[in-house]
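Participant: quick one, what's the 3D model for this:
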Amino acid sequence: MATDKTQTYGKAKMVFTTLGLKEDLFIDMDAEDLPTFRKHLSEMIRRQKSNNLYATRISKKGIKVIRIQ
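Facilitator: All right, here's what the predicted structure looks like:
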């Protein structure tokens, strides 16, 4: 079993399960971990056969995640 060294899996799971439509959230994460976070989030969407879509942006507060669909 792989270990989550960057802790992006837990953050992606939290976003997937709690974020409602048109809600946004700032996550304290390094910008270099963003591709891994996006990968985890897209895998959860695919496995759950969900129609959720998310947008991520890097800002001074951290990573901003918005559920757009």
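
Participant: other residues contacting stretch 38-49?
Facilitator: Identification of contacts with stretch 38-49 by C-beta atoms under 8 Å, 6 or more residues apart in numbering yields Thr8, Tyr9, Ala12, Lys13, Val15, Phe16, Ser50, Asn52, Tyr54, Thr56. Where you see a C-beta, it was placed from the backbone N, CA and C, and this is true even at glycine.

Participant: quick check: mean pLDDT of the helix or strand hosting Leu41?
Facilitator: In this assignment (DSSP states H and E), Leu41 forms part of helix 34-48. Across helix 34-48, pLDDT averages out at 95.

Participant: alpha carbons of that helix, as PDB, please.
Facilitator: Taking only C-alpha atoms (Å, rounded to 0.1, in the frame of the first residue of the first chain), the coordinates of helix 34-48 have been written out as PDB:
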ATOM      1  CA  LEU A  34      -1.000  20.700  -6.700                       C
ATOM      2  CA  PRO A  35      -0.700  18.200  -9.600                       C
ATOM      3  CA  THR A  36      -0.800  15.300  -7.100                       C
ATOM      4  CA  PHE A  37      -3.900  16.800  -5.400                       C
ATOM      5  CA  ARG A  38      -5.600  17.200  -8.800                       C
ATOM      6  CA  LYS A  39      -4.800  13.600  -9.700                       C
ATOM      7  CA  HIS A  40      -6.300  12.300  -6.400                       C
ATOM      8  CA  LEU A  41      -9.400  14.400  -6.900                       C
ATOM      9  CA  SER A  42     -10.000  13.300 -10.500                       C
ATOM     10  CA  GLU A  43      -9.500   9.600  -9.500                       C
ATOM     11  CA  MET A  44     -12.200  10.000  -6.800                       C
ATOM     12  CA  ILE A  45     -14.600  11.600  -9.300                       C
ATOM     13  CA  ARG A  46     -13.900   8.800 -11.800                       C
ATOM     14  CA  ARG A  47     -14.300   6.000  -9.200                       C
ATOM     15  CA  GLN A  48     -17.600   7.400  -7.800                       C
END
